[in-house]
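A.B. asks: Structure for this input, please:
(2 chains)
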Protein chains: 2
Amino acid sequence: MRHLTPAEFRRLGHRAVDWIASYAERVESLPVLPQREPGELLAALPERAPEEGEGTDAWDGIFRDLDQLIVPALTHWQSPNFFAYFPCNASGPGILGELLSAGLGIQGMLWATSPAATELEFRMLSWLGRLLELPDGFLEAPGGGCIQGTASEATLVAVVAARHRVRQRTGARREQLVAYASSQAHSSVVKAAMVAGLCADASGGDALRLVAVDDEYALVPEALARAIAEDRAAGRVPFFVCATVGTTSSTAVDPLPAVGQVLRESGFAESGGWLHVDAAYAGAACICPEHRRLIDGIEHADSLCFNPHKWLLTNFDCSAFWTRDRAALVDSLSVTPEYLRNRATEEGGVIDYRDWQVPLGRRFRALKLWFVLRHYGAEGLRRHIRHHVALAALFESLVRADDRFEICAPRRLALVCFRRRGSDAENRALLERVNRSGKAYLSHTALPGPDGAERLVLRLAVGAPGTGERHVRAAWDLLRE
Amino acid sequence: MRHLTPAEFRRLGHRAVDWIASYAERVESLPVLPQREPGELLAALPERAPEEGEGTDAWDGIFRDLDQLIVPALTHWQSPNFFAYFPCNASGPGILGELLSAGLGIQGMLWATSPAATELEFRMLSWLGRLLELPDGFLEAPGGGCIQGTASEATLVAVVAARHRVRQRTGARREQLVAYASSQAHSSVVKAAMVAGLCADASGGDALRLVAVDDEYALVPEALARAIAEDRAAGRVPFFVCATVGTTSSTAVDPLPAVGQVLRESGFAESGGWLHVDAAYAGAACICPEHRRLIDGIEHADSLCFNPHKWLLTNFDCSAFWTRDRAALVDSLSVTPEYLRNRATEEGGVIDYRDWQVPLGRRFRALKLWFVLRHYGAEGLRRHIRHHVALAALFESLVRADDRFEICAPRRLALVCFRRRGSDAENRALLERVNRSGKAYLSHTALPGPDGAERLVLRLAVGAPGTGERHVRAAWDLLRE
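C.D. replies: You can find the predicted model right below:
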């Protein structure tokens, strides 16, 4: 076998580390969004795998191809000029966490298949949860936290656990169940409903109600109350509400205290209904006292998710998920054939995280979170958040000072929603010119304007680890030109 | 901010690489299964994240803690003495792939968010598919391949796509749908049915039939035909069959040609029914001509999954998934809000892999597969498989030569199912003694014996990258003692 010897691995590993350091040094100078035609890379790759491996000789070619074929066809999410979508933070400590996780090569599906993986993860979720000042019920039994791959998966398991709990408590038939989210909720809520079989398509049918939002794009609690009452009157069973803290389009914040009150008064909570809070982006900011109010009312929730892989320097994937009812999760996701039985599980007192998620296998993702939290500390991460929030405030002030532009939604964190006064076509053309320049990369969304009609809105999200004032000013200069 | 400078990253990265090389050198000498009490590591970890980060000073402590706290509480999946479950191969090229993927820090949800990630992945699945001699329909439109996180997720998306297609073609109501798998199918099939909302619990109810197996633990096609006919007669709509090639308990192989014939003759295929083949473990062996017959009949399937992260030296997670009907997948999983719209998607001709899976975000996992295939080549990977199969044959011969033991299922690849003649309790005690020794780690399952009653069976799966003859002989000596 041509396994790398330890000496060869050291040599090639050092080379890969150096390559990454050098990529980080030059990423700012690369076009953020590559100008590629579909199929260009495909055409440059051989049609078949090599029959004979090249062994250690392969690596000169691999590093050359990385430079010549791969990098020019990447969108550079770590570029300081990346302002599109929400960020996807990588960091030195995060990368080293991924590296060591890969090097250990363990698989943490059960406590018994690597006790350290389960226990470190549980403690890291407790560390994070305390930074968010979550109620104890989310941190310890009967609740607890785990790492999911993405917020989409967190929403899906919350839906599945909720369905199980409500049907157990009320005997509802599955076709009676109704879920709710605002019309600004993330597409993953609809997707979860489709995967879970609540609805047949993205319309949601009778199983998913998209509730009206106010003029700041936040869910209207009275509209939620009305929808629940109507569904109950029609014999349906409201079982799941997803509230969003920091929507993708505009970082709108659904009012958790008012939502909680609606759910209590409507009997939703009493009959086992489940409130999930999707704070995928904004949750990271809640480690700062000045932003913690965004999740005020979290005590009403049954589960919460936010993504350290977005804005907390922990490489993708790392989605933090907490629930106050781990039993509902485990009961709805656990299938135990003989080959997964083991003494530790049967004696109780251990967590088998496979029962908290859709997949069976699990990587050792807690390592990177541990490294990030130790390297930066809570204060370091708060500085990271505040730095970006301040830069977004700067950008907002630049937009406001120019009459040709307008701000389209309240800026709450580091996302600025704005547009050039004019048509959607003009805004689309502006966005394309900027993105095609390679000097900055922004994204867009659609939001209802003052007249209620949807219009195209540009999104500038500050969040790449290396973004500084000069990058934000340069992006603005580019837009103004 | 305390970001690592490129120089600091180089220094710490080299140290991490060296640490991994040194771990690989000593992993053989570590107890495979740690003897830990629940909570030991938890008690050794601080209760809160540090307020002030230690920055680069943190790393002496981190590496010390890795050695003193983490490694002693890990189950060493890469140890040559690991024979439990199925393997979870790491390799030098796989680790470097994970490292470079983390260093690039891109997110490939859409073609547009990193063309190279999508196109390299598509080509790698084509390389792999050709090594398996898959029909072209799996490799190119209207089919194609992608990387899923796990076989569990592959089964789930296959169920969701199948449901969508059958309901579109037949107008079936969701409560009419019935899925089928053998009673030896992996627990993830039941889990997928639960998550997808087909059934309320692991019993499967009326929505999932676990079909009888023969005395080699393979699905009985006539039993499948009978179950389908009965369900049709009762007004139900058979929509999904999961055939297993290489079951987890015993590597039993469901006969695809006969299953395909049943599905054609029963009208299942005609009404849009979907055959998924779960070859999570055994698929890797099909790159060898002498094992390819295991998936003979694959032309009857709508989708196929196998895990390069199990036995093909590509670090977890990397589950290869192909379908011949990408439209069904995309139609059932696609939700497109404005913020994900982009010109490349709308002009068609590109793949947005987010629509092939449950999560939205995606890591750049194709890199590690590329590195593995280039470094080892097809022949190198075949040698890897054959080496382990030969070692398992050796172990089987040792067991057969000892009257105190018996072989409990045909050995097809590198898993040997055996037991000490005697009671389940004796076998359980033997397994515990061996595993507690730390010198080898085996797992167990339950299989029906000649009298039809289930009995405890020991599983020895050869598959760790460094396992050689002396490790297999040592495990046997340990068992005999």
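
A.B. asks: C-alpha from now on. contacts and neighbour counts both.
C.D. replies: OK.

A.B. asks: Now tell me which helix or strand of chain A has the poorest mean pLDDT.
C.D. replies: helix A:343-346 (a mean of 83; mean pLDDT, DSSP states H and E).

A.B. asks: Could you find the closest non-adjacent residue to the closest residue to chain B within the stretch 151-300 of chain A?
C.D. replies: Using Cα to the nearest Cα, the closest approach of the stretch 151-300 of chain A to chain B is made by residue A:196 at 4.1 Å. Excluding the flanking residues, the one nearest residue A:196 by Cα to Cα, 6 or more residues apart in numbering or on different chains is residue B:196, at 4.1 Å.

A.B. asks: Need the residues that contact the least confident helix or strand of chain A.
C.D. replies: Residues external to helix A:343-346 that are found in contact with it (Cα atoms under 8 Å, 6 or more residues apart in numbering or on different chains): A:111, A:112, A:350, A:351, A:352, B:38.

A.B. asks: Number of residues surrounding the residue of the stretch 151-300 of chain A closest to chain B?
C.D. replies: Per other Cα atoms under 10 Å in any protein chain shown, the neighbour tally for residue A:196 reads 24.

A.B. asks: show me the contacts for it.
C.D. replies: Each residue near residue A:196 by Cα under 8 Å, 6+ apart is listed here: A:156, A:159, A:160, B:195, B:196, B:197.

A.B. asks: can you put these in CSV and add pLDDT, secondary structure and distance to residue A:456?
C.D. replies: Below are the contacts of residue A:196 laid out as CSV (pLDDT from 0 to 100; DSSP: H, G, I helix; E, B strand; the rest coil; distance: Cα to Cα, whole Å):
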residue, pLDDT, secondary structure, distance to residue A:456
A:156, 98, helix, 29
A:159, 98, helix, 31
A:160, 98, helix, 35
B:195, 97, helix, 36
B:196, 97, coil, 35
B:197, 95, coil, 37
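
A.B. asks: which of the contacts of helix A:343-346 sit farthest apart?
C.D. replies: Between any two of the contacts of helix A:343-346, the greatest separation by Cα to Cα is 11.6 Å, found for A:352 and B:38.

A.B. asks: and whichever strand or helix holds residue A:238, how far from the chain's centre?
C.D. replies: Under DSSP states H and E, the secondary-structure element containing residue A:238 is strand A:237-244. The chain centroid and the centroid of strand A:237-244 are separated by 19 Å under Cα atoms, centre = their mean, to the nearest Å.

A.B. asks: now for it, which elements pack on it?
C.D. replies: In this structure, strand A:237-244 packs against helix A:151-170, strand A:177-182, helix A:221-233, strand A:274-278, with contacts taken as 3 or more Cα pairs under 8 Å, 6 or more residues apart in numbering or on different chains; DSSP states H and E.

A.B. asks: between it and strand A:274-278, how big is the angle?
C.D. replies: On the basis of axes from the mean of the first three to the mean of the last three Cα atoms, to 10 degrees, strand A:237-244 is oriented at 20 degrees to strand A:274-278.

A.B. asks: for the helix or strand that strand A:237-244 is followed by, what is the average pLDDT?
C.D. replies: Where DSSP H and E defines the elements, the next helix or strand beyond strand A:237-244 is helix A:256-265. What helix A:256-265 shows for mean pLDDT is 98.

A.B. asks: Name the surrounding residues that touch helix A:256-265.
C.D. replies: Under Cα under 8 Å, 6+ apart, the answer for helix A:256-265 is A:221-222, A:224-225, A:243, A:269-270, A:295-298, A:300-301.

A.B. asks: Which residue, other than its chain neighbours, is closest to the residue of the stretch 351-481 of chain A at minimum distance from chain B?
C.D. replies: Using Cα to the nearest Cα, the closest approach of the stretch 351-481 of chain A to chain B is made by residue A:377 at 3.5 Å. Here the nearest residue to residue A:377 in space, its sequence neighbours aside, is residue B:53; by Cα to Cα, 6+ apart that works out to 3.5 Å.

A.B. asks: now swap in residue A:437 and tell me
C.D. replies: Leaving aside its sequence neighbours, residue A:437 sits nearest to residue A:31 (Cα to Cα, 6+ apart; 7.5 Å).

A.B. asks: you'd agree the one you found is up against residue A:434?
C.D. replies: No. Between residue A:31 and residue A:434 there is no contact under Cα atoms under 8 Å: 11.1 Å.

A.B. asks: which residues are common contacts for those two?
C.D. replies: Common contacts of residue A:31 and residue A:434 (Cα under 8 Å, 6+ apart): residue A:440.

A.B. asks: Show me which of the two is the more surrounded one.
C.D. replies: The neighbour comparison of residue A:31 against residue A:434 (other Cα under 10 Å) goes to residue A:31, with 23 against 19.

A.B. asks: and that one, backbone torsions?
C.D. replies: Per-residue torsions, residue A:31: phi -60, psi 130 (degrees, to the nearest 10).

A.B. asks: what about it, distance to residue A:80?
C.D. replies: Residue A:31 is 11 Å from residue A:80, where distance means Cα to Cα, to the nearest Å.

A.B. asks: Check residue A:41 too.
C.D. replies: 25 Å.

A.B. asks: More neighbours: which of these two?
C.D. replies: residue A:80 (24 against 20).

A.B. asks: Show the contacting residues for the more buried one.
C.D. replies: Per Cα under 8 Å, 6+ apart, neighbours of residue A:80: A:28, A:464, A:465, A:466, A:467, A:468, A:471.

A.B. asks: Switch the residues you listed over to a markdown table; also include pLDDT, neighbour count and distance to chain B.
C.D. replies: Shown next, in a markdown table, are those (pLDDT from 0 to 100; neighbours: other Cα atoms under 10 Å in any protein chain shown; distance: Cα to the nearest Cα, whole Å):
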| residue | pLDDT | neighbour count | distance to chain B |
| --- | --- | --- | --- |
| A:28 | 97 | 20 | 13 |
| A:464 | 97 | 26 | 11 |
| A:465 | 96 | 25 | 8 |
| A:466 | 96 | 19 | 9 |
| A:467 | 98 | 20 | 11 |
| A:468 | 98 | 16 | 11 |
| A:471 | 98 | 21 | 17 |
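
A.B. asks: Among those residues, name the ones in helices.
C.D. replies: residue A:471 (DSSP state H).

A.B. asks: would CSV of the contacts of residue A:80 with distance to residue A:13 be doable?
C.D. replies: Shown next, in CSV, are the contacts of residue A:80 (distance: Cα to Cα, whole Å):
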residue, distance to residue A:13
A:28, 24
A:464, 26
A:465, 24
A:466, 25
A:467, 28
A:468, 31
A:471, 32
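
A.B. asks: packing partners for the longest helix belonging to chain A?
C.D. replies: Longest helix in chain A by number of residues, with DSSP H as the criterion: helix A:366-400. Where contact means 3+ Cα pairs under 8 Å, 6+ apart, helix A:366-400 is packed against helix A:92-104, helix A:115-131, strand A:405-407, strand A:415-420, helix A:469-480, helix B:58-65.

A.B. asks: Let me see the mean pLDDT of it.
C.D. replies: Regarding helix A:366-400, the rounded mean pLDDT is 98.

A.B. asks: in it, what's buried?
C.D. replies: Within helix A:366-400, the residues scored as buried using 16 or more other Cα atoms under 10 Å in any protein chain shown are A:366-382, A:384-389, A:391-393, A:395-396, A:399.
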